[in-house]
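In: heads up, no residue letters with this:
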């Protein structure tokens, strides 16, 4: 039998982590509906230290997948130049992955950043300049990003350095910041372009030939952007349904060279293009590759959060396919049942 390791359940003992009456179970099944947590209520900043601390490379991989580095420039009548500059590091996931966000907050420190719940999302964000300078940036200097997001980080770091030197408090310094912001993420807003003419964008850093630095990076990256799937497709009348199984990671086409390195990393798979969007996929669908390469890897280097639950169910489906049991009606029914509790179909109701 394939041995699929479910992430150890984390025990949180600090009852102050939520506002009063907002309780939860740490096995990812919640006692109360999140309807009580909408309206952007901010959780307490205190997080109990866990017995397990995630690997630093896992954190970088997760941020490569889901994190962002942002600079906001907004009108502010309270400042001498009439504009304020703010830096923010954040990661947003679905509310069912609150445990993952709690792990991340614990990693950076209980007094670093805050957790905000809004509708179906959960965000960990760090806004304080000193925290960014003393905690966030040092992490990514030691454990650097791998995807094209590294370019955004480099630009973000330059702006934060200017803010440290108080240059954001002068118009000349602000224009210098805007030249970096113009190449960061989506660039300058229409309002900023109208108010600050002739801003020359700095050249965006080109990230090429980055190697996968650690298997823990891959575990973190997969936690954010990977997918374990089972699909049951109906065939013609009186024919058995077709069952597809696969592991995939999607990325913007600008990171195609990185995706191609996944083939050597896992010793299997291929890269294919989405014909409708600027997206490429690393895909593994061969059952031997799945059972010999993919499953052993993630049994050793675990994903965290809901992705780990999907992986466990996926392994169960892979065992059925490997044994050819999916060729029977009973096996097909078993696969359908597994598929019905995976990914977007997973229920978290008590």
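Out: Everything's here; your move. All of these numbers come straight from a predicted model, not from anything done at the bench.
In: what number of residues lie near residue 301?
Out: Neighbour count of residue 301, defined by other C-beta atoms under 10 Å: 19. No exception for glycine: its C-beta is placed from N, CA and C like everyone else's.
In: ok, which stretches of the stretch 201-350 of the chain are strands?
Out: Remark: strands assigned in the stretch 201-350 of the chain by DSSP state E, counting those that start in this stretch are 226-233, 242-252, 270-273, 279-284.
In: dump the ones you listed to JSON lines, plus mean pLDDT, distance to residue 322 and mean neighbour count.
Out: JSON lines is the format used below for those (pLDDT from 0 to 100; distance: least, C-beta to C-beta, whole Å; neighbours: other C-beta atoms under 10 Å):
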{"stretch": "strand 226-233", "mean pLDDT": "91", "distance to residue 322": "13", "mean neighbour count": "18"}
{"stretch": "strand 242-252", "mean pLDDT": "93", "distance to residue 322": "10", "mean neighbour count": "18"}
{"stretch": "strand 270-273", "mean pLDDT": "95", "distance to residue 322": "20", "mean neighbour count": "14"}
{"stretch": "strand 279-284", "mean pLDDT": "96", "distance to residue 322": "14", "mean neighbour count": "19"}
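In: can you add distance to residue 138 and give those back as JSON lines?
Out: Conversion of the strands of the stretch 201-350 of the chain to JSON lines gives the following (distance: least, C-beta to C-beta, whole Å):
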{"stretch": "strand 226-233", "distance to residue 138": "27"}
{"stretch": "strand 242-252", "distance to residue 138": "27"}
{"stretch": "strand 270-273", "distance to residue 138": "34"}
{"stretch": "strand 279-284", "distance to residue 138": "31"}
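In: so which of these gets nearest residue 155?
Out: strand 242-252 (17.1 Å; C-beta to C-beta).
In: below-threshold pLDDT in the stretch 251-350 of the chain: ranges please.
Out: The stretch 251-350 of the chain contains residues with pLDDT under 70 at 347-350.
In: correct me, but residue 303 touches residue 221?
Out: No. Using C-beta atoms under 8 Å, residue 303 is not in contact with residue 221, being 9.6 Å away.
In: what about the residue lying closest to residue 81 once chain neighbours are set aside, how many residues close to it?
Out: Leaving aside its chain neighbours, residue 81 sits nearest to residue 171 (5.3 Å; criterion: C-beta to C-beta, 6 or more residues apart in numbering). By other C-beta under 10 Å, the residues close to residue 171 number 12.
In: for the remainder of this discussion, apply numbering that starts at 560.
Out: With 560 as the first residue, the last one maps to residue 730.
In: all helices for this protein, in order.
Out: Shown for the chain, the helices assigned by DSSP state H span residues 615-625, 657-667, 688-690, 696-701, 708-723, 730-740, 749-754, 774-784, 815-825, 846-848, 854-859, 865-881, 888-898.
In: got those as a markdown table, with distance to residue 833 columns?
Out: Shown next, in a markdown table, are the helices of the chain (distance: least, C-beta to C-beta, whole Å):
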| stretch | distance to residue 833 |
| --- | --- |
| helix 615-625 | 17 |
| helix 657-667 | 26 |
| helix 688-690 | 38 |
| helix 696-701 | 29 |
| helix 708-723 | 20 |
| helix 730-740 | 30 |
| helix 749-754 | 30 |
| helix 774-784 | 14 |
| helix 815-825 | 11 |
| helix 846-848 | 21 |
| helix 854-859 | 24 |
| helix 865-881 | 21 |
| helix 888-898 | 22 |
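In: of all those, which one is nearest residue 837?
Out: Shortest distance between residue 837 and the helices of the chain, using C-beta to C-beta, is found for helix 815-825: 10.0 Å.
In: just give me how far the closest one sits from the chain centre.
Out: The chain centre lies 19 Å from the centre of helix 815-825; the measure is C-alpha atoms, centre = their mean, to the nearest Å.
In: stretch 722-734 too?
Out: From the chain centre to the centre of stretch 722-734 is a distance of 32 Å (C-alpha atoms, centre = their mean).
In: now swap in stretch 720-729 and tell me
Out: Centre-to-centre, stretch 720-729 and its host chain are 30 Å apart (C-alpha atoms, centre = their mean).
In: do stretch 754-771 as well
Out: Per C-alpha atoms, centre = their mean, the centroid offset for stretch 754-771 relative to its chain is 23 Å.
In: what residues sit buried inside it?
Out: The neighbour-count check on stretch 754-771 (16 or more other C-beta atoms under 10 Å) flags 755, 758, 763, 766, 769, 771 as buried.
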